[in-house]
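K.L.:
Let's see this in three dimensions:
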Amino acid sequence: MRLRLMEATVDCLVELGWAGTTTTVVSKRAGVSRGAQLHHFPSKQDLVVAAVGHLTERRREDMRRAAADLPETGRTRAVLEILSQQFVSPIFFAALELWVAARTDAGLRAEVAPLERRVGRETHAYAVELLAIDESRGDNRRLVQATLDLLRGLGLAASLSDDTKRRAAVLDSWAVVLDDELEVS
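P.N.:
From the prediction side, this is the model:
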């Protein structure tokens, strides 16, 4: 039941935005009574933060499976593709709705900011792992952070239109930069 509620919440955030996502709509979509929803998640904030956090973890597991077969040739570009998918997924767009709402809602921001920091640290560490680099060498840490900032920006652009071709061209170029600039062990 909790899982159905969380999945319905993310679907609503993506389709209806923050304002259109209500606990009533989520309960109905999940096929759960309002009382059951309130038992598991007393407020909209509790429900939304839990849903994005939980499904972010699930998305991370999907990325790990995708990374199992990284090629040796073109590895950097393949890593960028895996990471970029995190920023064009429904989870990212649901999180984006949270960020915008949290900008002007101090209570929501207090819940979202720690989640976002944790996800950011985990994504950074995962990128370092996938790129098989030591982030303490040279400019590696800065380059990984620039990569994640680039991917987040491309994700924002994708929220307004399908820019798959442009994103692919940007990632092709950035892979060349990373291959030239990253200090490998």
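K.L.:
So what's the residue count around Gly20?
P.N.:
Counted with other Cβ atoms under 10 Å, residues neighbouring Gly20 total 11. Backbone N, C-alpha and C define where each C-beta goes, glycine included.
K.L.:
any idea how far it is from Lys44?
P.N.:
12 Å (Cβ to Cβ, to the nearest Å).
K.L.:
Name the residues contacting each of the two.
P.N.:
Taking Cβ atoms under 8 Å, 6 or more residues apart in numbering as the contact rule, Gly20 and Lys44 have no neighbour in common.
K.L.:
Mean confidence (pLDDT) on the one helix or strand Arg142 maps to, please.
P.N.:
Assessed by DSSP states H and E, Arg142 sits inside helix 140-158. Average pLDDT, helix 140-158: 96.
K.L.:
can you list contacts of it?
P.N.:
By Cβ under 8 Å, 6+ apart, the list of residues contacting helix 140-158 from outside reads 80, 83-84, 86-88, 92, 96, 120, 123-124, 127-128, 131, 133-135, 163-164, 166-167, 170-171, 174, 178, 181-183.
K.L.:
most centrally placed residue in the protein?
P.N.:
Phe92 (4.1 Å; Cα atoms, centre = their mean).
K.L.:
With adjacent residues omitted, what lies nearest to Arg77?
P.N.:
In space, and not counting its chain neighbours, Arg77 is closest to Ala175: 3.9 Å by Cβ to Cβ, 6 or more residues apart in numbering.
K.L.:
Compute the inter-axis angle for whatever helix or strand that neighbour lives in and helix 140-158.
P.N.:
Per DSSP H and E, Ala175 falls inside helix 164-181. Interaxial angle, helix 164-181 versus helix 140-158 (axes from the mean of the first three to the mean of the last three Cα atoms, to 10 degrees): 170 degrees.
K.L.:
in helix 164-181, what's buried?
P.N.:
Arg167, Val170, Leu171, Trp174, Ala175, Leu178 (16 or more other Cβ atoms under 10 Å).
K.L.:
what's the answer for stretch 6-23, then?
P.N.:
Residues of stretch 6-23 classed as buried by neighbour count (16+ other Cβ under 10 Å): Met6, Glu7, Ala8, Thr9, Val10, Asp11, Cys12, Leu13, Val14, Trp18, Thr21, Thr23.
K.L.:
Helices along the chain, start to end?
P.N.:
Ranges of helices in the chain, per DSSP state H, are 2-20, 23-30, 34-40, 44-67, 75-86, 90-104, 106-131, 140-158, 164-181.
K.L.:
Thanks a lot, see you next time.
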